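How does the following fold in three dimensions:
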Amino acid sequence: MAAIYHLFLYFLIPLVPLSLLSILALIVRPRPIRIPIKSRHVFVTGGSSGIGLALAQQAATEGARVSILARSAGKLDEAKQSIKLATGVEVATYSADVRDYDAVSKAIEESGPIDVLIVNQGVFVAKELVEHSPEDVKFTIDVNLIGSFNVIKAALPAMKARKDRGPASITLVSSQAGQVGIYGYAAYSASKFGLQGLAQALQQEVIADDIHVTLIFPPDTDTPGFEEEQKSRPEVTAIIAASSGSMKTEQVAKKAMDGIKAGKFTVACNFEGFLLSLATTGMSPQRSFWLAFLEVITAGPIRLTALFFQWDWYKAIEKWSKTKTKKESGNVS
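Numbering: from 1, shown residues only. Next up, the predicted model:
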């Protein structure tokens, strides 16, 4: 009898995950898709430097017609020459502030119908909220979040009206600080968290038009902006950020472009980012039933891991706070 019971268990145990996989294969939406890049029009905001420039160069290398938009005409010229030197491709440039809807609309109209829109512009200042001016906060939200609405709203009518051009893509470049709040990043995290809600709602609105939304979550990336930010970021921010490490712009661009072409909704750029994506997936769409399976079975363990990270961060904050208090009271030299 015991032998029959154990034999029954041997057959039953594999049935549970297989049944879950079968259910997920049936219900996971949207379905897998491939987004072509070659001979398509790729439009990149924030394309004059950093991740945006690397993405524009990657697209040019893969045979796309590339347009880049940024505020500084001088930096756009430098970026244009840099891409031409690296790839031999002449890109189109447009100078506009993403906070100005009319200027953005004019640039997008001049560029022509877009197949792959990459919304990448972003500003950030690592500073405690009490030290931020209201103008600082508004500027961050306006560029990172409102600017993204402006760009997408301006590009969407022509993207929806395209005929026989194959699947299209809208990509939003967020941040790991858009997955988890970090000391000193209150305004920046708020603006990047907002992109998650925008992306989820937008995907539902445009899926019938064969437009596929991708959300990129880069870690600290070696860009000119990051170099400047490191000079003034709070000590605690630096301690917390060190737990994830940094990446080169070319590495992030490669990961991002691979995710865009695969039509992924969420794209993590390193292992820590992958764990964060599992822990914070929430109501995000998932095209892969294998990844959906992993999200389901690891929900508890990943949440526990996240709590350990939070515990480590708060211990660092407590230690820093005590040291600061002692210094201010004259007990520590």
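
helix or strand right after the worst-scoring helix or strand of the chain on mean pLDDT?
One helix or strand of the chain scores below all others by mean pLDDT, DSSP states H and E: helix 2-27, with a mean of 64. On the C-terminal side of helix 2-27, the closest following helix or strand by DSSP states H and E is strand 41-45.

number of nearby residues for Met257?
Neighbour count of Met257, defined by other Cβ atoms under 10 Å: 26. For the C-beta atoms, the positions are set from N, CA and C on the backbone; glycine is no exception.

what's the closest non-adjacent residue to it?
Nearest non-adjacent residue to Met257, counting by Cβ to Cβ, 6 or more residues apart in numbering: Gln58, 4.9 Å away.

show me the contacts for Asp142.
When contacts are counted by Cβ atoms under 8 Å, 6 or more residues apart in numbering, Asp142 is found next to Arg99.

Okay, now the unreliable bits of the stretch 201-333 of the chain?
Confidence mapping of the stretch 201-333 of the chain against pLDDT under 70 gives the ranges 226-231, 243-244, 300, 304-309, 313, 324, 326, 328-333.

Just the strands from this protein, written as ranges.
Remark: strands assigned in the chain by DSSP state E are 41-45, 65-70, 92-95, 116-119, 168-173, 211-217, 220-221, 246-247, 266-268.

Columns mean neighbour count and distance to Ala155 on top of the ones you listed, output as JSON lines?
Listed next are these as JSON lines, based on neighbours: other Cβ atoms under 10 Å; distance: least, Cβ to Cβ, whole Å:
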{"stretch": "strand 41-45", "mean neighbour count": "27", "distance to Ala155": "7"}
{"stretch": "strand 65-70", "mean neighbour count": "26", "distance to Ala155": "11"}
{"stretch": "strand 92-95", "mean neighbour count": "19", "distance to Ala155": "12"}
{"stretch": "strand 116-119", "mean neighbour count": "28", "distance to Ala155": "5"}
{"stretch": "strand 168-173", "mean neighbour count": "26", "distance to Ala155": "8"}
{"stretch": "strand 211-217", "mean neighbour count": "26", "distance to Ala155": "10"}
{"stretch": "strand 220-221", "mean neighbour count": "18", "distance to Ala155": "25"}
{"stretch": "strand 246-247", "mean neighbour count": "18", "distance to Ala155": "28"}
{"stretch": "strand 266-268", "mean neighbour count": "23", "distance to Ala155": "20"}
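
which one of those lies closest to Thr323?
Proximity to Thr323 (Cβ to Cβ) singles out strand 220-221 among the strands of the chain, at 23.9 Å.

residues in contact with that closest one?
Contacts with strand 220-221, where a contact means Cβ under 8 Å, 6+ apart, come from 50-51, 226, 241, 244-249, 252.

any idea how far it is from the chain center?
When C-alpha coordinates are averaged (Cα atoms, centre = their mean, to the nearest Å), strand 220-221 and its chain have centres 12 Å apart.

likewise stretch 59-76?
Between the mean C-alpha location of stretch 59-76 and the chain-wide mean there is a distance of 19 Å, by Cα atoms, centre = their mean.

quick one: the spatially most central residue of the chain and Ile114, what's the gap?
Here the mean C-alpha position of the chain is nearest to the C-alpha of Ile216 (Cα atoms, centre = their mean), at a distance of 2.3 Å. Per Cβ to Cβ, to the nearest Å, Ile216 is found 17 Å from Ile114.

buried set for stretch 286-294?
286-289, 291-294 (16 or more other Cβ atoms under 10 Å).

Next: stretch 29-44.
Taking 16+ other Cβ under 10 Å as the basis for neighbour counts, the residues of stretch 29-44 that come out buried are 30, 33, 35-37, 40-44.

hmm, back to that, any chance of the contacts of strand 220-221 in a markdown table, with distance to Glu131 too?
Formatted as a markdown table, those follow (distance: Cβ to Cβ, whole Å):
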| residue | distance to Glu131 |
| --- | --- |
| Gly50 | 25 |
| Ile51 | 27 |
| Phe226 | 20 |
| Ala241 | 18 |
| Ser244 | 23 |
| Gly245 | 26 |
| Ser246 | 24 |
| Met247 | 28 |
| Lys248 | 30 |
| Thr249 | 29 |
| Val252 | 29 |
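
coming back round to it: would you format the buried residues of stretch 29-44 as CSV with pLDDT and distance to Leu198 included?
Below are the buried residues of stretch 29-44 laid out as CSV (pLDDT from 0 to 100; distance: Cβ to Cβ, whole Å):
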residue, pLDDT, distance to Leu198
Pro30, 82, 17
Ile33, 89, 20
Ile35, 96, 19
Pro36, 95, 25
Ile37, 96, 23
Arg40, 96, 23
His41, 97, 22
Val42, 98, 20
Phe43, 98, 18
Val44, 98, 18
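
burial of the nearest residue to Glu235 once chain neighbours are set aside, as a residue count?
Closest residue in space to Glu235, ignoring its immediate chain neighbours: Trp320 at 6.2 Å, by Cβ to Cβ, 6+ apart. Here the number of neighbours of Trp320 (other Cβ under 10 Å) works out to 15.
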